[in-house]
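A.B. asks: Need a 3D model of the following:
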Amino acid sequence: MFLGTYTPRLDEKGRVILPAKFREELSAGLVLTRGQERCLYVFSAQEFQRVYEQMRSAPLSSKQARDYIRVFLSGASDEQPDKQGRVTIPQALRDYAGLGKDLTVIGAGARAEIWDSAVWNSYLEEQEQQFSQTDEEVIPGLL
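C.D. replies: Below you'll find the model as predicted:
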């Protein structure tokens, strides 16, 4: 499970050093793809396969499902971390997420997310107010 918040920098070659706590889970390979709210999702290869299998069960007659799957999979890139735990983020994905030098990598359970730090900080500020007002109906049985 991916947990926590980390603040690595993007190097001049478009690489990011993965948080040490994430490296073992991602050592066999990972998939980067477009996430919602203009971040990047980072899945282990195994988890990405599971997500893909769920997508395959979506009805082809659903335009919304087709659109989501197209955007999600067309942006996917399988990557292999190097010995230092660095991963290259393809230019198209850096552009999609508006990534600058300062990044925030967060654990989001079954996936990690990569955000431009300024965008993450703005998003988090907006969401913290709503977070404190979340009721049980949003996530049943949580509290």
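A.B. asks: nearest residue to the residue positioned nearest the centre of the chain other than its sequence neighbours?
C.D. replies: For the chain, residue 41 is the residue whose C-alpha lies nearest the centre (C-alpha atoms, centre = their mean; 1.7 Å). Counting by C-beta to C-beta, 6 or more residues apart in numbering, residue 35 is the residue found nearest to residue 41 once chain neighbours are left out, at 4.0 Å. For glycine as for every other residue, the C-beta is placed from the backbone atoms N, C-alpha and C.
A.B. asks: so the residue nearest to the centre of the chain sits right up against residue 30, yeah?
C.D. replies: No. At 10.0 Å, residue 41 does not count as touching residue 30 under the criterion of C-beta atoms under 8 Å.
A.B. asks: Sketch out the low-pLDDT regions of the protein for me.
C.D. replies: 134-143 (pLDDT under 70).
A.B. asks: Swap in 80 and give it another go.
C.D. replies: Applying pLDDT under 80 to the chain picks out residues 129, 131-143.
A.B. asks: For the residue nearest to the centre of the chain, give me phi and psi.
C.D. replies: The phi/psi pair for residue 41 (degrees, to the nearest 10) reads phi -90, psi 140.
A.B. asks: same question, residue 32
C.D. replies: phi -100, psi 140.
A.B. asks: what's near enough to touch it?
C.D. replies: 40, 41, 42, 76, 77, 79, 87, 89, 90, 93, 114 (C-beta atoms under 8 Å, 6 or more residues apart in numbering).
A.B. asks: which residue packs closest to it, ignoring adjacent ones?
C.D. replies: residue 77 (5.0 Å).
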